[in-house]
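**Q** Build the 3D model from these lines:
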Amino acid sequence: MSQDSRARQQRSDWGDGSARSTEALIALALSALASRRGRAFDDAAVSLAQRCSDAHGRRSVVSTLVENVAAATTQAWERGWQPADVHRVAARTVGGEEQSLVVDAMSEELGRYAASTVDHRWLAQVDELDGGVWWARSQTWLDARRDRGVDWLTLLSQTLTVLHLLWTLPTIERLSPLPGSVRPPEPGASSESDASHAAAPPADARILARVRMLLAKAESTTFEAEAETFTAGAQALMARHSIDAALLAADESREGRSNDGPHGRRIGIDTPYDGPKAVLLDAVATANRCRMVWSRELGFGTVMGFEADLDSVELLFTSLLVQANARLMAEGKRADHRGRSRTRSFRQSFLTAYAHRIGERLREVMDAEVESARATASSRGQELVPLLAARAEEVDEVVGEWFPVVKKSSVGSVRDAEGWNVGRAAADQASLDGTASRGRVGKGRR
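**A** I've put the predicted structure just below:
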């Protein structure tokens with residue numbers, strides 16, 4: 001039978017446009033992806049694309065695929081995945097267009113809920129990914145992408161790849177409420193508590209803006225002593241912010257007002273050298289009274305702590321990693337006396353030493369700020385050290401709840417003395433805040 005005959009036979013078999021036939025082709029494509037049968041996947045995708053040649057078949061394919069992607073997105077969230085987590089996995093496993101499709105699918109699904117019923121962190125994550133519904137409400141994101149000139153075969157192949165990714169995500173810890181389950185504020189609520197909570201985010205924004213300013217000055221000056229002064233100011237400001245947040249929470253609790261407990265936040269840890277990078281994240285988390293559990297196979301660490309401390313951890317880790325990578329590139333490659341490359345062992349040792357020394361510096365700053373704040377806390381009738389210890393116990397309880405079984409393991413030995421010494425020196429010179437170096441993810445997607 002010729003190719004044209006086979007195509008006519010397929011149109012005869014599936015020309016009724018039934019959802020069952022479309023579902024069968026989608027199932028065949030997903031099965032082929034799971035078993036890595038490229039030709040079988042191509043055949044299923046071609047058959048679906050052929051059905052889009054007429055309006056009836058196109059409606060069946062588009063509506064069925066969009067519904068399947070929506071269901072898979074919801075299932076991923078129920079299995080513990082947040083928007084940033086899904087995109088992080090997509091960035092590790094699929095191409096740029098598929099990553100963009102993932103953001104569209106999540107934007108569409110979140111758009112089904114009132115914003116007041118969605119955790120603010122989810123909305124912030126989608127915004128950070130440059131997400132949002134950009135297509136007309138009268139069409140789907142799949143139709144809108146087709147209108148941009150993408151051929152059906154390419155578009156359907158990309159969508160099927162995204163669908164397979166979403167369906168195969170494993171179950172992980174659920175760190176926040178699902179979309180639609182957040183309880184919106186009571187109408188007309190205007191208590192003192194509500195007013196104080198409403199005022200908190202701007203105060204945090206102002207503090208972070210000051211930290212960014214200090215960092216910018218530290219990075220722009222050519223005088224090492226001046227840079228150290230600006231860097232020390234940024235470190236101390238973040239430490240004081242954390243202490244102030246703890247004292248405020250204690251005041252609210254004493255007055256019978258509710259306040260949030262510890263939360264979790266996933267932070268990406270990419271290869272290469274993911275082991276030392278995990279050590280760095282753990283060092284930053286520990287210095288900020290947080291706990292970190294590394295999921296190596298999934299490419300992230302879950303940091304647990306109070307919101308202000310989580311902000312500090314993410315900001316510091318991102319900055320310090322950028323600074324470390326820049327220093328590594330400046331150091332160049334290394335070879336032994338026989339000319340054999342030792343670049344990998346040098347960089348591994350550099351990053352490990354960098355992480356250890358950064359941890360020491362952060363703890364020194366935090367201890368100094370705690371000591372400085374003790375007298376002020378006592379004058380308010382609060383004992384700061386027991387208060388911070390109690391918050392640390394709350395964090396430990398959350399860790400035990402979410403990760404009842406945690407295995408400690410070594411991330412590798414230090415084999416390059418030069419790398420270790422250079423890494424510690426780099427850590428001594430590092431700025432301990434780096435929001436200014438952070439960019440928005442996903443720009444230029446549209």
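**Q** What's the first helix or strand after the host helix or strand of Ala32?
**A** Assigned by DSSP states H and E, Ala32 belongs to helix 19-34. In the C-terminal direction, the helix or strand that comes right after helix 19-34 (DSSP H and E) is helix 38-51.
**Q** Buried by neighbour count: which residues of the helix holding Ala32 qualify?
**A** Applying a neighbour-count criterion of 16 or more other CB atoms under 10 Å, one finds Ser21, Thr22, Leu25, Ile26, Leu28, Ala29, Leu30, Ala32, Leu33 buried in helix 19-34. Any C-beta I mention is one placed from the backbone N, CA and C, and that applies to glycine too.
**Q** okay if I get those as CSV plus pLDDT and distance to Gln348?
**A** As requested, these are arranged in CSV below (pLDDT from 0 to 100; distance: CB to CB, whole Å):
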residue, pLDDT, distance to Gln348
Ser21, 89, 54
Thr22, 94, 50
Leu25, 96, 48
Ile26, 96, 44
Leu28, 96, 45
Ala29, 97, 41
Leu30, 97, 39
Ala32, 97, 39
Leu33, 97, 35
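**Q** export those residues to CSV and tack on distance to Ser341?
**A** Output for the buried residues of helix 19-34, formatted as CSV (distance: CB to CB, whole Å):
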residue, distance to Ser341
Ser21, 56
Thr22, 53
Leu25, 50
Ile26, 48
Leu28, 47
Ala29, 43
Leu30, 43
Ala32, 41
Leu33, 37
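**Q** Relative to Leu351, which of those residues is nearest.
**A** Checking the buried residues of helix 19-34 against Leu351 with CB to CB, the nearest one is Leu33 at 35.5 Å.
**Q** which one is the closest one nearest to, not counting chain neighbours?
**A** His164 (4.4 Å; CB to CB, 6 or more residues apart in numbering).
**Q** what do you get for Arg347?
**A** Spatial nearest neighbour of Arg347, excluding adjacent residues (CB to CB, 6+ apart): Leu328 at 5.6 Å.
**Q** Ser181 versus that neighbour, what's the distance?
**A** Computed as CB to CB, to the nearest Å, the Leu328 to Ser181 distance reads 44 Å.
**Q** Repeat that for Leu123.
**A** Taking CB to CB, one finds Leu123 at 14 Å from Ser181.
**Q** neighbour-wise, which of those two wins?
**A** Neighbours were counted for Leu123 and for Ser181 using other CB atoms under 10 Å; Leu123 has more, 16 against 11.
**Q** tell me the contacts of the more buried one?
**A** Applying CB atoms under 8 Å, 6 or more residues apart in numbering to Leu123 gives the contacts Leu110, Ala115.
**Q** Helix, strand, or coil at it?
**A** Classification of Leu123 using DSSP: H, G, I helix; E, B strand; the rest coil returns helix.
**Q** Could you report the pLDDT at it?
**A** For Leu123, the model assigns a pLDDT of 94.
**Q** Same question for Asp16.
**A** 44.
**Q** same thing with the one 3 residues further on?
**A** pLDDT for Ala19: 60.
**Q** same question, Ile243
**A** Looking at Ile243, the pLDDT reads 85.
**Q** Check this structure for its longest helix and report it.
**A** Scanning the chain for the helix with the most residues, using DSSP state H, yields helix 343-379.
**Q** contact partners of whatever helix or strand comes next after that one?
**A** As assigned by DSSP H and E, the chain's next helix or strand after helix 343-379 is helix 384-402. Contacts to helix 384-402, defined as CB under 8 Å, 6+ apart, come from residues 173, 175, 243, 246-247, 249-250, 261-262, 264, 289-291, 293, 302, 304-306, 370, 373-374, 377-378, 406.
**Q** could you dump helix 384-402 to PDB, C-alpha only?
**A** The C-alpha coordinates for helix 384-402 follow below in PDB (Å, rounded to 0.1, in the frame of the first residue of the first chain):
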ATOM      1  CA  LEU A 384      16.400  36.500  72.200                       C
ATOM      2  CA  VAL A 385      18.500  33.300  72.400                       C
ATOM      3  CA  PRO A 386      15.700  31.100  73.700                       C
ATOM      4  CA  LEU A 387      13.400  32.600  71.200                       C
ATOM      5  CA  LEU A 388      15.700  31.800  68.300                       C
ATOM      6  CA  ALA A 389      16.200  28.300  69.600                       C
ATOM      7  CA  ALA A 390      12.500  27.800  69.800                       C
ATOM      8  CA  ARG A 391      12.100  28.900  66.100                       C
ATOM      9  CA  ALA A 392      14.900  26.500  65.200                       C
ATOM     10  CA  GLU A 393      13.000  23.700  66.900                       C
ATOM     11  CA  GLU A 394       9.900  24.600  64.800                       C
ATOM     12  CA  VAL A 395      12.000  24.300  61.700                       C
ATOM     13  CA  ASP A 396      13.300  20.900  62.800                       C
ATOM     14  CA  GLU A 397       9.700  19.700  63.400                       C
ATOM     15  CA  VAL A 398       8.800  20.600  59.800                       C
ATOM     16  CA  VAL A 399      11.800  18.800  58.500                       C
ATOM     17  CA  GLY A 400      10.800  15.700  60.500                       C
ATOM     18  CA  GLU A 401       7.300  15.900  59.100                       C
ATOM     19  CA  TRP A 402       8.200  16.400  55.500                       C
END
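**Q** tell me the angle the helix or strand harbouring Leu155 makes with helix 38-51.
**A** For Leu155, the element it lies in under DSSP H and E is helix 152-167. Orientation check (axes from the mean of the first three to the mean of the last three CA atoms, to 10 degrees): helix 152-167 against helix 38-51 gives 120 degrees.
**Q** and helix 152-167, what other elements does it pack with?
**A** Contact partners of helix 152-167 among helices and strands, from 3 or more CB pairs under 8 Å, 6 or more residues apart in numbering; DSSP states H and E: helix 19-34, helix 38-51, helix 55-78, helix 83-93, helix 96-110, helix 141-147.
**Q** now it against helix 19-34, angle please.
**A** Helix 152-167 and helix 19-34 are oriented at 70 degrees to each other (the same axes, to 10 degrees).
**Q** where in the stretch 251-400 of the chain is pLDDT low?
**A** 254-259, 337 (pLDDT under 70).
**Q** Kindly report the same for the stretch 101-250 of the chain.
**A** For the stretch 101-250 of the chain, applying pLDDT under 70 flags the ranges 185-203, 212, 215-216, 218-229, 231-232, 235.
**Q** let's see it at 50
**A** Within the stretch 101-250 of the chain, the stretches with pLDDT under 50 are 189-203.
**Q** now the helices for it?
**A** Here the stretch 101-250 of the chain has its helices, by DSSP state H, counting those that start in this stretch, at 120-128, 141-147, 152-167, 192-220, 224-254.
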